[in-house]
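>>> Sequence first, predicted model second:
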Amino acid sequence: MKYVLLFGGTMEGADQLPEEHRAAAMADYEKSGKWFEKYTKAGKILGGEELRGPATATTVSRKNGKVSVTDGPFIESKEVIGGFALIDVADLDEALAMAKDWPGTVEIRPIVDHSREQSR
């Protein structure tokens with residue numbers, strides 16, 4: 001099954017943090033690099049990227065047939081999505097095991113497989 005793992009947090013602005021917080025953030029950043037390396041070598045990660053911070057977002061929305069483009073994020077969240085990974089694993093349990101190995105917050109979302117719908 002394919003899932004997207006959405007990673008909370010971003011390194012943007014880490015250089016502005018107090019030294020002890022910056023050191024912790026850098027340690028987690030290094031752990032995340034090793035995490036990607038480990039699961040890429042295992043053939044579990046199909047793709048993924050780190051995202052720039054929410055201040056760089058541009059949102060296209062449609063309301064009452066009118067399209068508007070605004071700067072900044074549209075989706076309200078308590079945390080910032082800092083990146084994602086597309087994974088291919090046996091089941092949710094395996095996706096959970098990978099997420100538990102990540103050094104921060106992870107949201108797991110299954111991918112809709114439209115190819116299965118078309119073959120019915």
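Looks like it came in fine. Fair warning: this is a prediction, and the values are worked out from it, not measured in the lab. Residues are numbered from 1 along each chain as shown.
>>> and stretch 50-70, which residues are buried?
Residues 51, 54, 57 are the ones in stretch 50-70 that count as buried (16 or more other Cβ atoms under 10 Å). The C-beta positions use only the backbone N, C-alpha and C, and glycine is treated the same way.
>>> chain center to it: distance?
18 Å (Cα atoms, centre = their mean, to the nearest Å).
>>> follow-up on the earlier one: any idea which of the buried residues of stretch 50-70 is closest to Gly72?
Closest approach to Gly72 among those (Cβ to Cβ): Ala57, at 5.6 Å.
>>> Got phi/psi on that closest one?
Torsion angles at Ala57 (phi, psi; degrees, to the nearest 10) stand at phi -70, psi 150.
>>> Stretch 81-96: end-to-end distance?
Counting by Cα to Cα, to the nearest Å, you get 18 Å between the two ends of stretch 81-96.
>>> quick one: contacts of that stretch?
Contacts with stretch 81-96, where a contact means Cβ atoms under 8 Å, 6 or more residues apart in numbering, come from 1-11, 36, 39, 43-51, 98, 108, 110-111.
>>> Nearest residue to Ile45 in space, please, no chain neighbours.
Using Cβ to Cβ, 6 or more residues apart in numbering and skipping residues adjacent in sequence, the residue nearest Ile45 is Tyr39, 4.9 Å away.
>>> And for that neighbour, the neighbour number?
For Tyr39, the neighbour count with other Cβ atoms under 10 Å is 19.
>>> where in the protein is pLDDT low?
10-17, 21-22, 25, 73-77, 117-120 (pLDDT under 70).
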